[in-house]
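Peer 1: next one to model:
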Amino acid sequence: MSRRPEQTIAFRAYYNGTDLLGVATIEMPEVSYITETISGSGVAGEYESPALGMTQSMTAKLSWISQTKNFYKLLDSTLQPLLELRASVQMEDEATGIRKAVPLLVTLLAHTKTSPLGSLETGKKHGNETEMEVLRLQVELTTELERARRSQAALSANLAQRSMLRAQRMDLHGRIVGTMGMGMAAAAPAAPGRPAQDGQGGSGRPDGSRRAGAG
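Peer 2: Okay, here's the model as predicted:
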């Protein structure tokens, strides 16, 4: 299934993934690789070769319409500088023409470099801009998030079912053991009784009679 991305239809900025920072627009970082000029034998002239995994300084800019109190956490350099930018991207299925909103998650580990507090004016936005030095950038889009969520939900359901079956087996085992114990107790022979003793006779005969003695 081929989907064509069309536009961003919703967007929010969070601190540590849970605390809403405010209403803003963001200028995403520009990824520029560190390069080295390659020239010499076998090279007709020279060219710039990007170093694998080596990037130049990356900067993100957030322009604020308004902020919540969590915005000021960005100014505290002792806190973890983790931002999550959550957006919904409208995509169209090229085969059916059906449009669908899919999630876009951008995670930034970034330190604040400059952040004026903006201005206060009736009926106006704050108008300040926060510039941040990006140390880590991670982007997750559409089916990857959906597939991960489905896998996690399936795993949780499987674990819950296994726990339920384990509890049912333990309960059944307990019932079987209890039933066997009751059956064994019922089938066991009764203990033999002692013969009755005559309170007046001491012969110990069952009928209590005495043997006639001679003379």
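
Peer 1: what's near enough to touch Ala13?
Peer 2: Residues near Ala13 by Cβ atoms under 8 Å, 6 or more residues apart in numbering: 20-22, 24, 26, 62, 83-86. Every C-beta, even on glycine, is put in place using the N, C-alpha and C of the backbone.

Peer 1: repeat the analysis, applying 6 Å as the threshold.
Peer 2: Taking Cβ atoms under 6 Å, 6 or more residues apart in numbering, we find Ala13 in contact with 21, 24, 85.

Peer 1: do Glu129 as well
Peer 2: 61, 63.

Peer 1: apply 8 Å and report the result again.
Peer 2: 61-64, 115-116.

Peer 1: phi, psi for it please.
Peer 2: Backbone torsions for Glu129, taken as degrees, to the nearest 10, come to phi -130, psi 130.

Peer 1: ok, now Gln56?
Peer 2: When read as degrees, to the nearest 10, the backbone of Gln56 gives phi -80, psi 170.

Peer 1: with adjacent residues omitted, what lies nearest to it?
Peer 2: Among residues not flanking Gln56 along the chain, Ser32 sits closest, at 4.4 Å (Cβ to Cβ, 6 or more residues apart in numbering).

Peer 1: thinking again about what came up before, distance to Ser156 and neighbour count added to the contacts of Ala13, as TSV?
Peer 2: Formatted as TSV, these follow (distance: Cβ to Cβ, whole Å; neighbours: other Cβ atoms under 10 Å):
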residue	distance to Ser156	neighbour count
Leu21	30	23
Ala24	34	21
Leu85	27	20
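
Peer 1: and the most centrally placed residue in the chain, how far from Thr107?
Peer 2: Nearest to the geometric centre of the chain sits Gln152, at 7.6 Å (Cα atoms, centre = their mean). Taking Cβ to Cβ, to the nearest Å as the measure, Gln152 falls 18 Å from Thr107.

Peer 1: chain center to the strand ranked longest in the chain: distance?
Peer 2: Using DSSP state E, we find that the single longest strand of the chain is strand 99-114. Strand 99-114 sits 18 Å away from the centroid of its parent chain (Cα atoms, centre = their mean, to the nearest Å).

Peer 1: what mean pLDDT does that strand get?
Peer 2: For strand 99-114, mean pLDDT is 89.

Peer 1: now stretch 127-138
Peer 2: 89.

Peer 1: also stretch 6-17?
Peer 2: For stretch 6-17, mean pLDDT is 86.

Peer 1: pull out the buried positions in stretch 86-99.
Peer 2: Neighbour-count burial for stretch 86-99 flags 87-91 (criterion: 16 or more other Cβ atoms under 10 Å).
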